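Novice: Structure for this input, please:
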Amino acid sequence: MDTPNTPDPAIYEERLNRYRTAMANGRPDRIPIRPFAAEFTANVAGMTCQEITQDYEKAFEAVRLTAREFDWDAMGPTMVYIWGGIPQMLGTRYYAIPGVGLPPDVGFQYLEPPGDEAWMPPEDYPALIADPTAYLIDSWLPRTQSRVVAPGEPVTRENQMAWLKGGIAMSQYFNALGSAVERLRVECAMPSSICGILKSPFDIIADKFRGYVGLTMDLFERPDEVMAAAEAMMPHMLSVAMASSDPTGTLPLSIWMHRGCVPFITPEQFDRYYWPTLKPIIEELWAAGRRTIFYMEGKWEHHWDAFLELPEGSIIVHCDRDDVFAAQKKLGHRFAISGGIPNVLLSYGKPDQVRAFCRRVIDEVAVDGGYIADAGAILQNDASIENMRVMTETFREYGVYSQSTPRPDAPAFSLKTSDPRRAPHPERPTGTVEPWDDIKPTFPSIVGDEALVKTTWNAYDAWANTFLWHMVVSF
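Specialist: Down below sits the predicted model:
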């Protein structure tokens, strides 16, 4: 078990202000270092991938050990977001977990079925469009979770216990995340790097429903249904993002962007489907004081002009395979830039090569501020500890600004509309599974304060909604 430390609280404030200033495209005292380190932390802590995937407390511990070892400016409480407890309680079919279907020293894997065996058949589009939440319960979860049965099938003890254990597992995990963030602050003087999650409606269809092959065919064979389904999910994606975000707006939420880039889809398809169903969500979040990290997996340069349509400062542009130097020239005047240091370089490059690349980033990307040092993609267990030390030392030594500028205030921005595009199911308000008005008639006569009963019901119904949609977005 790691030994708690009590660092100077002022260090935490210095790091947080440094990070916030850079995110707002300002110039802090020095370049903040904020690696999204996942299985890499297991190597630092001397643990296996299985340990930090199966035991989230060990994952949190590995992050704290890494925070003390590298002295970075911000870290997530864990970037190994697939905790084994939830998929194992439910029997999730689309993941292979370290130690369960995979060797213990290998990171988890996503298992996408063949196109003709997609988790959602094409004839299900009308049901998804009509009521996305009901579709998750009645169709998607029974197909993707081996211990969940569909309506009309015989109810089993395994099915009932899967719902119970899965819900308890997710609740415990989310509650534990809050404690992990607090321990990072107190014991390591380390701010959390993110708070909250978002995925584009298009990516949900491509990742979890139709799969990439199925969606590719649908874009030609049933384009109107693809668009209607993406629009139907917009309010739910906004709801998940807002509910999981930092209520103070201090920390950014993240969107993991997968299949909206070339060559997965064409620029024309991006403009028709992906962007119209994502841009309004980002604008709504910004209007509510929430900044979003565009964690752009792959290459997204074909869509940079679209990003410039967003309000200034509303996103942080994270570069994976994109040229970080070109991104700074194109987007750096409106948004902060992060990442761009190739993972291949950090895993297999020579220390001198890592140092030279980081020096170039300092000189060309970070010269006027608005840059956050990070690898291009999440650091897994193939990243070299030695090279990460070189990266850290290089930014510490050469990433100091001679003069800092105050963190810019967020530009004023408001929307003309209050809800992205499509209204939710008329009988099921966004964020609910069983609305109170539907449930009230099933109660005995309420002779006391109905508001108290309603409040209790709504609180746990909201948890049920959280469980359903985070199975799609997060797990």
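Novice: tell me which element residue 127 is part of?
Specialist: helix 125-130 (DSSP states H and E).
Novice: for that helix, packing partners?
Specialist: Secondary-structure packing of helix 125-130 (3 or more C-beta pairs under 8 Å, 6 or more residues apart in numbering; DSSP states H and E): helix 132-135, helix 223-244. (Each C-beta comes from the backbone N, C-alpha and C, glycine too.)
Novice: wait, residue 26 sits on residue 401?
Specialist: No: Residue 26 is not in contact with residue 401 according to C-beta atoms under 8 Å; the separation is 10.2 Å.
Novice: so what sits against both of those two?
Specialist: Taking C-beta atoms under 8 Å, 6 or more residues apart in numbering as the contact rule, the neighbours common to residue 26 and residue 401 are residue 369.
Novice: how would you label residue 441: helix, strand or coil?
Specialist: helix (DSSP: H, G, I helix; E, B strand; the rest coil).
Novice: Look through the protein and tell me its longest helix.
Specialist: Secondary structure of the chain per DSSP state H: the longest helix is helix 157-188.
Novice: Buried residues, that one. List them.
Specialist: By 16 or more other C-beta atoms under 10 Å, the buried positions in helix 157-188 come out as 159, 162-163, 165-167, 169-170, 173, 176-177, 180-181, 183-185, 187-188.
Novice: what do you get for stretch 448-466?
Specialist: 457, 458, 461, 464, 465, 466.
Novice: Next: stretch 295-304.
Specialist: Buried residues in stretch 295-304 (16+ other C-beta under 10 Å): 295, 296, 297, 298, 300, 301, 303.
Novice: now swap in stretch 65-78 and tell me
Specialist: Those would be 65, 66, 67, 68, 70, 72, 73, 74, 75, 76, 77, 78, for stretch 65-78 by 16+ other C-beta under 10 Å.
Novice: Show me the contact partners of it.
Specialist: Everything outside stretch 65-78 that qualifies as a contact, by C-beta under 8 Å, 6+ apart, is 2, 5, 15-16, 18-19, 32-38, 40-41, 44-45, 52, 56, 59-60, 62-63, 177, 180-181, 184, 188, 190-194, 388-389, 392.
Novice: Then stretch 324-339?
Specialist: Outside of stretch 324-339, the residues within contact range by C-beta under 8 Å, 6+ apart are 22-25, 34, 293, 301, 304, 307-308, 310, 312-320, 340-341, 360-361, 364-365, 368, 370-377.
Novice: Now list the buried members of these.
Specialist: Buried by 16+ other C-beta under 10 Å: 22-25, 34, 293, 301, 307, 310, 313-320, 340-341, 361, 365, 370-377, out of these.
Novice: What separation is there between the closest residue to residue 149 other than its chain neighbours and residue 137?
Specialist: Excluding its sequence neighbours, the residue lying closest to residue 149 (C-beta to C-beta, 6 or more residues apart in numbering) is residue 159, at 4.6 Å. To residue 137, residue 159 is 12 Å away according to C-beta to C-beta, to the nearest Å.
Novice: Would you mind confirming that residue 54 is in contact with residue 99?
Specialist: Yes: assessed by C-beta under 8 Å, residue 54 is found in contact with residue 99 at 6.7 Å.
Novice: list the residues that contact both of the two?
Specialist: Both residue 54 and residue 99 are contacted by residue 84, under the criterion C-beta under 8 Å, 6+ apart.
Novice: residue contacts, the spatially most central residue of the chain?
Specialist: For the chain, residue 197 is the residue whose C-alpha lies nearest the centre (C-alpha atoms, centre = their mean; 3.9 Å). Contacts for residue 197 were tallied using C-beta under 8 Å, 6+ apart; they are 240, 241, 244, 253, 254, 255, 256, 473, 474.
Novice: Out of those residues, which is nearest to residue 281?
Specialist: Taking C-beta to C-beta as the measure, residue 281 lies nearest residue 241 of those, at 7.0 Å.
Novice: Could you count how many residues lie near the closest residue to the closest one other than its chain neighbours?
Specialist: The shortest distance from residue 241 to any non-neighbouring residue, by C-beta to C-beta, 6+ apart, is to residue 198 (4.1 Å). By other C-beta atoms under 10 Å, the residues close to residue 198 number 27.
Novice: can you check the one 10 residues further on too?
Specialist: By the criterion of other C-beta under 10 Å, residue 208 has 21 neighbours.
Novice: Check the secondary structure at it for me.
Specialist: Assignment for residue 208 (three-state DSSP): helix.
Novice: Distance check, it against residue 369.
Specialist: Here residue 208 is placed at a distance of 38 Å from residue 369 (C-beta to C-beta).
Novice: and what of residue 392?
Specialist: Per C-beta to C-beta, residue 392 is found 19 Å from residue 369.
Novice: for the residue lying closest to residue 161 once chain neighbours are set aside, what are its contacts?
Specialist: Excluding the flanking residues, the one nearest residue 161 by C-beta to C-beta, 6+ apart is residue 147, at 7.8 Å. By C-beta under 8 Å, 6+ apart, residue 147 lies in contact with 89, 90, 91, 158, 159, 161, 162.
Novice: Confidence-wise, which helix or strand of this protein is lowest on average?
Specialist: Lowest by mean pLDDT, DSSP states H and E among the helices and strands of the chain is strand 101-102, with a mean of 86.
Novice: Need the contact partners of that strand.
Specialist: Counting by C-beta under 8 Å, 6+ apart, residues outside strand 101-102 touching it are 96, 108, 109.
Novice: and the first one, that's in a strand?
Specialist: Yes: inclusion of residue 96 in a strand is indicated when three-state DSSP is applied.
Novice: one step back: buried only: go through the contacts of strand 101-102 for me.
Specialist: Looks like these have 96, 108 buried, using 16+ other C-beta under 10 Å.
Novice: Dump the contacts of strand 101-102 into JSON lines; add distance to residue 266 and pLDDT as well.
Specialist: Formatted as JSON lines, the entries for the contacts of strand 101-102 read as follows, by distance: C-beta to C-beta, whole Å; pLDDT from 0 to 100:
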{"residue": "96", "distance to residue 266": "31", "pLDDT": "93"}
{"residue": "108", "distance to residue 266": "31", "pLDDT": "91"}
{"residue": "109", "distance to residue 266": "28", "pLDDT": "92"}
